[in-house]
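> predicted model and sequence follow; I will ask about them next.
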Amino acid sequence: MEKIPSFTIDHLRLLRGIYVSRKDYLGDQVVTTFDIRMKEPNREPVLGQGELHTIEHLAATYLRNHKEWGDKIVFWGPMGCCTGNYFLMKGDLESRDIVELMRETFRFIRDFEGEVPGVAAKDCGNYLLHNLPMAKYEAAKYLSEVLDVIEEKNLIYPI
């Protein structure tokens, strides 16, 4: 069986950043999958499930309601390895195209106050698994250490 492309990325050299993971063609429509990598794989502690779940709820809420990009959002969800999120958008896009959108999204998470959207037993399959303070901490860290100082090495997968 052939390896899928994401398993061919050198995770020992992968940095935190925004990467195009794949592009799928559905008829004449392109869907771009982004790797929103918040942790260096196998080199630093992963995101806890509570904060990752909260980041999912807040990012999805922010992005789907975004005035400019909202109609292009397909999916935002956590990676199984807990080092980041997958983000799917309509369109033939590149990493640099969404840097400002990711800055806005992670500022929203960092600054969020109040009840996290969708955190009730009737709305969420695991409503007790949330951690807003750590989600805010991780968003602030990703913003200051990666998004606000992003370089080419954080936008293109290592070969």
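Yes, it's here. Numbering: from 1, shown residues only.
> going forward, measure contacts and count neighbours with C-alpha atoms only.
OK.
> now do residue 146 against residue 130, distance only.
24 Å (Cα to Cα, to the nearest Å).
> let me redo that: residue 142
From residue 142 over to residue 130 (counting by Cα to Cα), the distance is 19 Å.
> what of residue 48?
Counting by Cα to Cα, the gap from residue 48 to residue 130 is 9 Å.
> who has more neighbours out of those two?
residue 130 (21 against 16; other Cα atoms under 10 Å).
> what lies in contact with the helix or strand hosting residue 141?
Using DSSP states H and E, residue 141 sits in helix 132-145. With Cα atoms under 8 Å, 6 or more residues apart in numbering as the contact definition, helix 132-145 has outside contacts at 38, 50-52, 54-55, 103, 106-107, 109-112, 116.
> show me where the chain has helices.
49-64, 99-111, 132-145 (DSSP state H).
> OK, contacts around residue 112?
With Cα under 8 Å, 6+ apart, residue 112 has these contacts: residue 136.
> hmm, residue 95 is touching residue 19, no?
Yes. Using Cα atoms under 8 Å, residue 95 is in contact with residue 19, at 5.5 Å.
> list residues touching both of those two?
34, 155-156.
> now the nearest residue to residue 15 once chain neighbours are set aside. Its backbone dihedrals?
Computed as Cα to Cα, 6 or more residues apart in numbering, the closest residue to residue 15 that is not its neighbour in sequence is residue 40, at 5.3 Å. Backbone torsions of residue 40, given as degrees, to the nearest 10, read phi -80, psi 120.
> which residues touch residue 40?
Taking Cα under 8 Å, 6+ apart, one finds 11, 14-16, 83 in contact with residue 40.
> quick one: which of those residues has the lowest pLDDT value?
The member of these with the lowest pLDDT is residue 11, at 91.
> that older thread, check the contacts of helix 132-145 and tell me the two furthest apart.
Pairwise distances across the contacts of helix 132-145 peak at 21.5 Å for 50 and 103 (criterion: Cα to Cα).
> will you turn the contacts of residue 40 into JSON lines that also has neighbour count?
Output for those, formatted as JSON lines (neighbours: other Cα atoms under 10 Å):
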{"residue": "11", "neighbour count": "15"}
{"residue": "14", "neighbour count": "20"}
{"residue": "15", "neighbour count": "21"}
{"residue": "16", "neighbour count": "23"}
{"residue": "83", "neighbour count": "22"}
